[in-house]
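>>> after the sequence you'll find the predicted model.
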Amino acid sequence: MTQIPLIELHLHLEGAAPPDFIRRLAAEKKVDLTGVFDERGSYVYKDFEGFLKVYEAATAVLQTPEDYARLTSEVLERSRDHGAIYTEAFLSPDFCGGRDIAAWRDYAAAMQEAAQGVDGIEMRGIITCIRHLGPDKARETAICAAETAGDFITGFGIAGNETVLEPQDFAWAFDCAREAGLGLTAHAGEFRGADSVRAALDDLRVSRIGHGVRAIEDLALVDRLAEDGIVLEVCPGSNVALRVYAKLGAHPIEKLRERGVKVTVSTDDPPFFHTDLMAEYDALDAAFGWDDEMIRQVNRTAAEAAFCDDATRAALLKRLE
Ligand code: ADE
Ligand code: ZN
């Protein structure tokens, strides 16, 4: 088990909610969560679309800024206990106040205050629009992001069902976020292939790609990623759990890295995939022989690509020396 301080760039806040936490809140609020958990109490789903449905159903218990403050504290404490010193969490105005800007401000403030109350780990928020909700809602989400851009909200992205719509449908939202000075990332190359990654780069002009692993299906694209220094937020355990790859040994992270692509490692939605950040590195060591020097190098890449201010970045790099 590595002792190196870890940096996570890709974690969905709601997707990191422990099942016990969601069950406790559901009992308090008398929300029916039939179909969300199996008999052992784990989240239950069959495939990617089923996963997205269960994720959204569980999120229905999170109803107030106070609920999100509690979730933030819980998630950060767990991440820290699994070795993380810095995490970027995807936050969704779709769930937090229905994209109403005044309501969203209250949610963002509650999460920021909760994050500042957890010692030993720093957090920044990446506002994410949800692809299958469509471009109109994404525009409203981007406006929420632009209105709250600052020292806590530092990025903008897109998640959700990659198999519907196209990156170009979301170009306005990304332009809006870029003008607000936010760092940009897009989920692509998870449930679609290389064309989807290429479209995210061309039409959304992102510096990072969430997943991006299926770029491996087109080596010219892999070389472009390497040459342009595009950073991949790779989530190996998520890809295996959602059956993008049958097993970690078949995952392309090591091939991408060897060909010069900047790869980083994250957990995506850890309780859904029965993983945590340290477990990801342990598995990468077992599958590909990633020693501590490799882990240090990957986390240096993550620090360099983080959507944070220069002083924070310098502090993270120093911790990694
Ligand atoms: N939202 C939460 N996890 C996701 C994933 N792995 N892909 C797309 N959208 C998501
Ligand atoms: Zn994700």
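That came in fine, so what should we check first? Ligands and ions are numbered 1, 2, ... in the order given.

>>> which single residue in the stretch 51-200 of the chain comes nearest to ligand 1?
A159 (3.7 Å; C-beta to the nearest ligand atom). (Glycine included, C-beta is placed from N, CA and C.)

>>> look up how far Q3 lies from that residue.
According to C-beta to C-beta, to the nearest Å, A159 and Q3 sit 31 Å apart.

>>> for the residue of the stretch 51-200 of the chain closest to ligand 1, give me its contacts.
The contact partners of A159, taken as C-beta atoms under 8 Å, 6 or more residues apart in numbering, are H12, F90, T128, C129, I130, R131, H187, G210.

>>> secondary structure element for the nearest residue to the last one once chain neighbours are set aside, which one?
Spatial nearest neighbour of G210, chain neighbours left out: H187 (3.9 Å); criterion: C-beta to C-beta, 6 or more residues apart in numbering. Per DSSP states H and E: H187 is located in strand 183-188.

>>> show me what that strand packs onto, helices and strands only.
strand 153-159, helix 171-179, helix 194-204, strand 208-211 (3 or more C-beta pairs under 8 Å, 6 or more residues apart in numbering; DSSP states H and E).

>>> for K262, which of the ones you listed is the nearest?
strand 208-211 (9.0 Å; C-beta to C-beta).

>>> what comes up buried for that closest one?
The neighbour-count check on strand 208-211 (16 or more other C-beta atoms under 10 Å) flags R208, I209, G210, H211 as buried.

>>> name the residue of the stretch 1-150 of the chain that lies nearest to ligand 1.
Nearest to ligand 1 in the stretch 1-150 of the chain, going by C-beta to the nearest ligand atom, is H12, at a distance of 4.3 Å.

>>> now the residue lying closest to that residue once chain neighbours are set aside: which helix or strand?
Nearest residue to H12, sequence neighbours excluded (C-beta to C-beta, 6+ apart): F90, at 4.6 Å. Using DSSP H and E, F90 sits in strand 84-91.

>>> check which residues of the following helix or strand past that strand are buried.
Counting by DSSP H and E, the next helix or strand C-terminal to strand 84-91 is helix 101-116. Buried residues in helix 101-116, counted by 16+ other C-beta under 10 Å: A103, W104, R105, D106, Y107, A108, A110, M111, Q112, A114, A115.

>>> wait, isn't the last one in contact with A108?
Read that as A115. No - using C-beta atoms under 8 Å as the test, A115 is too far from A108 to be in contact (10.5 Å).

>>> give me the common contacts of these two.
By C-beta under 8 Å, 6+ apart, the residues touching both A115 and A108 are F152.

>>> can you give me the neighbour number for T141?
26 (other C-beta atoms under 10 Å).

>>> thought it was touching G134?
No - applying C-beta under 8 Å as the test, T141 and G134 come out as separate, 10.8 Å apart.

>>> ok so R40 is a strand residue?
No - assigned with DSSP: H, G, I helix; E, B strand; the rest coil, R40 falls outside any strand and is coil.

>>> could you report the neighbour count for it?
Applying other C-beta under 10 Å, we find 7 residues neighbouring R40.

>>> go on, N299?
A total of 27 residues lie near N299 under the criterion other C-beta under 10 Å.
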